[in-house]
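1. pasting the structure only:
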């Protein structure tokens, strides 16, 4: 669930699947955002966060929380629109900074967008196509790591390009005039306009770019601008006076101020939200409820009307570093030995989600639902694990395990440690500050043996899940996503084949088979639990929509009830 | 012990010492007097201690805890659970790994319940945790007392520049923001000596560094105390007498001064132990002490803070244990002080 979402490009399939999931899931407990309430202007929305964002720099953020708050400050070319009157409805792709969702040509290898006239920066200057180009170019800068790699993956002739400050101009992004931007891609990408909904494709004004410190001085062309930002403490957003509703199809500007208060323990935040008095009535959380609180809270009828369970597919997993745990048999033994029951218990129990048997989460087309390469028993199979360890000739191994330094994750780490103790593996738990967790584990020189992570694919298609996490060609020293550092040529070939497959059904089948095959042949990650996204809101907050794309409560229409 | 009215010095120790207590020593023989000089002050102190009811209770409680700590493997063997053996049938993974049953899962097989989250046995972790705490506290107290006595003796006896320099060091140690420094230093120390490529530190190393760190910040108190005593003692006649007879500094320090300092040293040691237990627990609570799954009272309390709303028993058990052990040792320390130094006013 969590905070750590790795947003993916979306296609029309996403919409249908997301709709289906929402409809059959019936997940929305409350009607706090129902249209019967009168939308009011003013007030301060409080946002309790246990830690700071990974980044809010549009080219660097890659978590649900960072992207969600970022959308209130800046706008990307396209965006996902949700109506306040239908809070659980599926998000729809529309032009945001662009007038429409773009025009493909040259067999979808060239994409043209026109900038919406009248969109202004917070100083009143007009947002131009050059600003967008500059923003996208920033994502190539190795110093500005952390964000998605789609631009560098798809843009043509970008080899060796290191961002605008180091390499100057990127020729494959053209700006014939101030309101037109053209992307030249190296391959046909029919859903490129869904990739442009990602924050990477937001504009950044060159004059106000402060490089690595841009996080605290992000320039606004959205409804809110930064008033103050004290890292790890507080971020205050206030109305951007230059923003007008007329040129923004996605967002409203109802509240006066958004106040993100960081650093309280999640359990303390949970109690504030539960009590729902004073400031907490105007509050939201966008982080998972603590594992100790999840079951009691989910059974509390008084919280039902303020409860959001967002239907977005995601997998919570344990990556095994294949460069340090080289023996396949040891990795397979780990797959068998992990007790998913206590792991899920640490996350809060059955309210958290279902046990994972394969990597692809339910709702992904082609997923082999009945396959379970390491059995369906959530407590694992210790006998088999021990046999594999014996075959590998391995005993008394020691491994490091990276988790976030939160009480919930520490308990998850305990469960993993105790599971592996049964087969003679001593686990040393490395607790990493939550705000910098993904920066830390994305640095390949840290060499953790076992790494907790999760992945939320907005588009429940395996092509946005398996390659980013297991394609060895995508390993980079900083901002790495292939935590297992797997190098499997056969799997890479299979990924290329499935990606090139024109028939969607066949491609999905291939992905599903590859998922199971990689689990068996590589054992590079232990799928732990398929996540449910449980969040709480204060009783006076209205207009929240359950964004199944982002797996968060969308703030686009949020208001405070009088 | 019953009070013996009178006796000669040739019978058992107790009677000799009783005599010392109840009657004047004027009529005792020279041989017996020698014996009395060597042992009777301790005996007297012990008798005074025995008469103090609070001290007796404190001693009993403290002894029980020490016994439990020493016998922790035996006790947890009798109960049937190790300190890091999860009982996965005792917790409910569907409901957040909380113990099944009332009062934190207290039952015949888990005498003090089950640790939420992990399913470890609380009793077993408690006795093993006591062992860790007491071991760390005792060794650290020994180290700090030893260092404190040596520095205090040297500082007080030699005076002059030696005293100035040592006093300067002591003042720095006393003025140091200890806890902050310890929190910062411990991870550095453990990682500096860690040889494990997979991010681990051995338990010995963890405990060793905690002991060293606690001792490092505690010796100055003892040193100050000893120095003060030495300053007053060295002006006494018997010291002058020894000096006139040409005694060397070693003789002066260890034969003349030290024997007269046992009382304050013992008192400071007795009071250092409970302080150290509390410090060690605080460090573990703050996450820089003993690392789970190694059992420890402080880290148990730390873990309990996440569960106190839903499983208060788990917080009460280590909390009460810590309270009792520190309180009993403190009371005992007070008792020892009163017994050794009856003229001192009880604050």
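-> Structure received. Small disclaimer: the values here were computed from a predicted structure and weren't measured.
2. Any idea what whatever residue of the stretch 401-550 of chain A ends up closest to chain B is bridged to?
-> Closest approach between the stretch 401-550 of chain A and chain B, counting by Cβ to the nearest Cβ: residue A:428, at 3.6 Å. To be clear about C-beta, it is placed using only N, CA and C from the backbone, and glycine gets the same treatment. Here residue A:428 sits in beta bridges with residue A:400, as judged by DSSP bridges.
3. so it sits right up against residue B:206, yeah?
-> No - in this structure residue A:428 lies outside contact range of residue B:206 using Cβ atoms under 8 Å: 11.6 Å.
4. Which one's more surrounded, the two?
-> Set side by side, residue A:428 and residue B:206 show more neighbours around residue B:206, with 24 against 20, by other Cβ atoms under 10 Å in any protein chain shown.
5. What is the distance between the helix or strand where that one lies and the centre of its chain?
-> Secondary structure from DSSP states H and E places residue B:206 in helix B:203-233. Counting by Cα atoms, centre = their mean, to the nearest Å, helix B:203-233 is centred 12 Å from the centre of its parent chain.
6. got it, and stretch A:195-214?
-> For stretch A:195-214, the distance to the chain centre is 18 Å (Cα atoms, centre = their mean).
7. Quick check: mean pLDDT of that stretch?
-> Per-residue pLDDT over stretch A:195-214 has a mean of 93.
8. Next, give phi and psi for the closest residue to residue A:436 other than its chain neighbours.
-> Closest residue to residue A:436 apart from its sequence neighbours, by Cβ to Cβ, 6 or more residues apart in numbering or on different chains: residue A:54 at 7.5 Å. Main-chain dihedrals, residue A:54, degrees, to the nearest 10: phi -60, psi -50.
9. what's the answer for the one 4 residues further on, then?
-> Backbone dihedrals for residue A:58, given as degrees, to the nearest 10, come out at phi -60, psi -30.
10. Isn't residue B:100 up against residue B:93?
-> No - between residue B:100 and residue B:93 there is no contact under Cβ under 8 Å: 10.4 Å.
11. Which one of the two is surrounded by more residues?
-> residue B:93 (23 against 14).
12. Residues of the stretch 201-347 of chain B that sit close to chain A?
-> The stretch 201-347 of chain B comes close to chain A at residues B:201, B:291, B:292, B:293, B:306, B:307, B:309, B:310, as judged by Cβ under 8 Å from any Cβ of the partner chain.
13. Can you tell me which of those is closest to chain A?
-> Using Cβ to the nearest Cβ, those come closest to chain A at residue B:306, 4.6 Å.
14. pretty sure that closest one belongs to a strand, no?
-> No - counting by DSSP: H, G, I helix; E, B strand; the rest coil, residue B:306 is not part of a strand but coil.
15. hang on, it packs against residue A:267?
-> Yes - between residue B:306 and residue A:267 there is a contact under Cβ under 8 Å: 6.0 Å.
16. between these two, who's got more neighbours?
-> Just comparing residue B:306 and residue A:267: by other Cβ under 10 Å the higher neighbour count belongs to residue B:306, 25 against 22.
17. Who are the contact partners of the more buried one?
-> Shown in contact with residue B:306 (Cβ atoms under 8 Å, 6 or more residues apart in numbering or on different chains): A:267, A:290, A:292, A:407, A:411, B:117.
18. pLDDT at the second one, what is it?
-> In this model, residue A:290 is scored at 90, pLDDT.
19. Get me the contact residues on chain A for chain B.
-> Counting by Cβ under 8 Å from any Cβ, chain A sits next to chain B at A:267, A:271, A:290-292, A:294-296, A:339, A:341-342, A:344-346, A:348-350, A:379, A:398-400, A:407, A:411, A:414-415, A:417-418, A:421, A:426, A:428-430, A:448-449.
20. just the buried members of these?
-> A:267, A:290-292, A:294-296, A:339, A:341-342, A:344-346, A:348-350, A:379, A:399-400, A:407, A:411, A:414-415, A:417-418, A:421, A:428-430, A:448-449 (16 or more other Cβ atoms under 10 Å in any protein chain shown).
21. Mark which of those residues are part of helices, please.
-> Residues of those located in helices (DSSP state H): A:267, A:291-292, A:294-296, A:341-342, A:344-346, A:407, A:411, A:414-415, A:417-418, A:421.
22. List just the nearest of the contacts of residue B:306 to residue A:148.
-> Residue A:148 lies nearest to residue A:290 out of the contacts of residue B:306, by Cβ to Cβ, at 28.6 Å.
23. ok, the closest one to residue A:265 distance?
-> 8 Å (Cβ to Cβ, to the nearest Å).
24. Same check on residue A:244?
-> From residue A:244 over to residue A:265 (counting by Cβ to Cβ), the distance is 40 Å.
25. What of residue A:548?
-> In terms of Cβ to Cβ, residue A:548 sits 29 Å off from residue A:265.
26. Residue 96 - how many residues pack around it?
-> In the absence of a named chain, this looks at chain A. Residue A:96: 28 neighbours (other Cβ under 10 Å).
27. Switch to chain B, please.
-> Residues near residue B:96, counting by other Cβ under 10 Å: 30.
28. ok now stretch B:138-147, how far from the chain's centre?
-> Taking mean C-alpha positions (Cα atoms, centre = their mean), stretch B:138-147 and its chain are 9 Å apart.
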